[in-house]
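1. sharing a sequence plus its predicted fold:
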Amino acid sequence: TPPPPLQLQQAQAARDVNTASLCRIGQETVQDIVLRTMEIFQLLRNMQLPNGVTYNPNTHGDRLGKLQEHLRMLSVLFRKLRLVYDKCNENCSGMDPIPPEQLIPFMEDDGSKHEERSAGHSRPATEERREILEVNKKLKQKNQQLKQIMDQLRKLIWEINAMLAVRS
């Protein structure tokens, strides 16, 4: 007998896991690994060596058990991360790699080097960057004009106050 439709849908969903959700799972796994590692270092820092000074076998045994549990969980998390990594690589194996130069906008003064390097692959981004630079330039000019006007007003108010003081 064939499996019920609900089980078929779940199996299909498990096979068609989105690469973006896999990356999110991988990110969460890395965060868990970092957290567990920090907890391990905290346990090691608090653990006393059994040198006979204040050695309590029960406390030492409890801390050793916690440490071993954290190490076991860390091993599980690394295996999970490897599975996620392999699945992401499998899902992305057919894609053409995009050079980072096209994904990251570079800050250059003249912009000509970037245009030569990209050879027209990222025209919209270059045009958008040019527009932003033009708007920033106009904004700086307007700010300079406002500063000059404020300075003139300040000077005028100073002169009016000086005249009023002389008049009194």
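-> Happy to help now that I have it.

2. pick out the residue nearest the middle of this structure.
-> The centroid of the chain falls nearest to residue 27 when counting by CA atoms, centre = their mean (10.4 Å).

3. which SSE is that one in?
-> Per DSSP states H and E, residue 27 falls inside helix 19-46.

4. that helix: what's the following helix or strand?
-> Sequence-wise, the next helix or strand downstream of helix 19-46 (DSSP H and E) is helix 57-91.

5. what is the helix or strand following that next one packed up against?
-> Downstream of helix 57-91, the next assigned helix or strand under DSSP H and E is helix 100-103. Packed against helix 100-103, as judged by 3 or more CB pairs under 8 Å, 6 or more residues apart in numbering; DSSP states H and E, are the following elements: helix 112-118. Backbone N, C-alpha and C define where each C-beta goes, glycine included.

6. OK, contacts around residue 44?
-> Residue 44 makes contacts with residue 67, as judged by CB atoms under 8 Å, 6 or more residues apart in numbering.

7. just for the chain, where's the confidence low?
-> 1-16, 48-56, 100, 106-123 (pLDDT under 70).

8. if you set the cut-off to 90 instead, what comes out?
-> The chain contains residues with pLDDT under 90 at 1-21, 42-67, 87-130, 165, 167-168.

9. so in it, which helix runs the longest?
-> helix 123-167 (DSSP state H).

10. and that helix, what other elements does it pack with?
-> helix 112-118.

11. would you mind listing the buried residues in the helix holding residue 27?
-> Within helix 19-46, the residues scored as buried using 16 or more other CB atoms under 10 Å are 22, 25, 26, 29, 32, 33, 36, 40, 43.

12. how near is the nearest residue to the second one once chain neighbours are set aside to residue 47?
-> Excluding its sequence neighbours, the residue lying closest to residue 25 (CB to CB, 6 or more residues apart in numbering) is residue 84, at 5.6 Å. Taking CB to CB, to the nearest Å as the criterion, residue 84 is separated from residue 47 by 32 Å.

13. go on, residue 133?
-> 57 Å.

14. neighbour count winner among those two?
-> Per other CB atoms under 10 Å, whichever of residue 133 and residue 47 has more neighbours is residue 47, with 14 against 11.

15. contact partners for the residue nearest to the more buried one when sequence neighbours are not counted?
-> What sits nearest to residue 47 in space, not counting adjacent residues and going by CB to CB, 6+ apart, is residue 63, at 5.1 Å. Residue 63 sits next to 43, 46, 47 when contact means CB under 8 Å, 6+ apart.
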